[in-house]
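Visitor: Need the 3D shape of this:
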Amino acid sequence: MKLAEALIQRKDLTSDISDLKTRITNNSIVQEGTEPAEDPEALLLQLYDKLKRFESLVSRINYTNAITKLDDITLNEALTKRDVLQLTYTTLSSISNHASSTVSRYSMTEILNKATIDVQKMRKKLDKIAEERRKLETKIQSANWTIDLL
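Guide: Below is the predicted model of the structure:
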């Protein structure tokens, strides 16, 4: 199985676990004299099975990411770099959006606010970060379809 397929299975298992949680919760309490729509004990068995499969799959994904090289770094390092690039982008984007917002003055006597950072320079940096993240994401996605899950 390819790493990308395992990631899809992980997503499906996460969704299944969430659905089972909802179904178990919905059937865990009923009015006296009525029966639940589904057997919560049977649903719990399904949940435990999915959780066991999820644990095994995530362990294999993490192991594969830890030892697989993507250029000169491990896939884990590439994923971390991608996440930090995304965090940097969203943080700087929020800052530059705030600094570039204009406040309407009702009269000339009101105090004018001005940005204390170079918004244009920051936006250029944001463009570079976005490009770097896209390139890295493309490499990661490509690798996911060529790497075998260990």
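Visitor: Quick check: phi and psi on residue 42?
Guide: phi -70, psi -40 (degrees, to the nearest 10).
Visitor: Equivalent analysis for residue 100, please.
Guide: Dihedral angles for residue 100 - degrees, to the nearest 10 - are phi -90, psi 0.
Visitor: give me the number of residues near it?
Guide: 13 (other CB atoms under 10 Å). Any C-beta I mention is one placed from the backbone N, CA and C, and that applies to glycine too.
Visitor: Check whether the most far-flung residue of the chain relative to its centre sits in a helix, strand or coil.
Guide: The centre of the chain is farthest from one residue, residue 109, which by CA atoms, centre = their mean lies 47.4 Å away. Per DSSP: H, G, I helix; E, B strand; the rest coil, the local secondary structure of residue 109 is coil.
Visitor: what are the ranges of the helices in the protein?
Guide: Secondary structure of the chain (DSSP state H): helices at 3-26, 40-67, 75-100, 119-144.
Visitor: tell me which residues in the longest one are buried?
Guide: It refers to helix 40-67. Of the residues in helix 40-67, 40, 43, 47, 50, 54, 57, 60, 61, 64, 65 count as buried by neighbour count, 16 or more other CB atoms under 10 Å.
Visitor: can you redo those as a markdown table with pLDDT and distance to residue 135?
Guide: Compiled in a markdown table, those are given as follows (pLDDT from 0 to 100; distance: CB to CB, whole Å):
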| residue | pLDDT | distance to residue 135 |
| --- | --- | --- |
| 40 | 95 | 48 |
| 43 | 98 | 44 |
| 47 | 98 | 40 |
| 50 | 99 | 36 |
| 54 | 99 | 31 |
| 57 | 98 | 28 |
| 60 | 98 | 27 |
| 61 | 98 | 23 |
| 64 | 97 | 22 |
| 65 | 97 | 19 |
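Visitor: now the residues you listed in JSON lines, with distance to residue 3?
Guide: Formatted as JSON lines, these follow (distance: CB to CB, whole Å):
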{"residue": "40", "distance to residue 3": "35"}
{"residue": "43", "distance to residue 3": "31"}
{"residue": "47", "distance to residue 3": "26"}
{"residue": "50", "distance to residue 3": "20"}
{"residue": "54", "distance to residue 3": "16"}
{"residue": "57", "distance to residue 3": "11"}
{"residue": "60", "distance to residue 3": "9"}
{"residue": "61", "distance to residue 3": "7"}
{"residue": "64", "distance to residue 3": "6"}
{"residue": "65", "distance to residue 3": "8"}
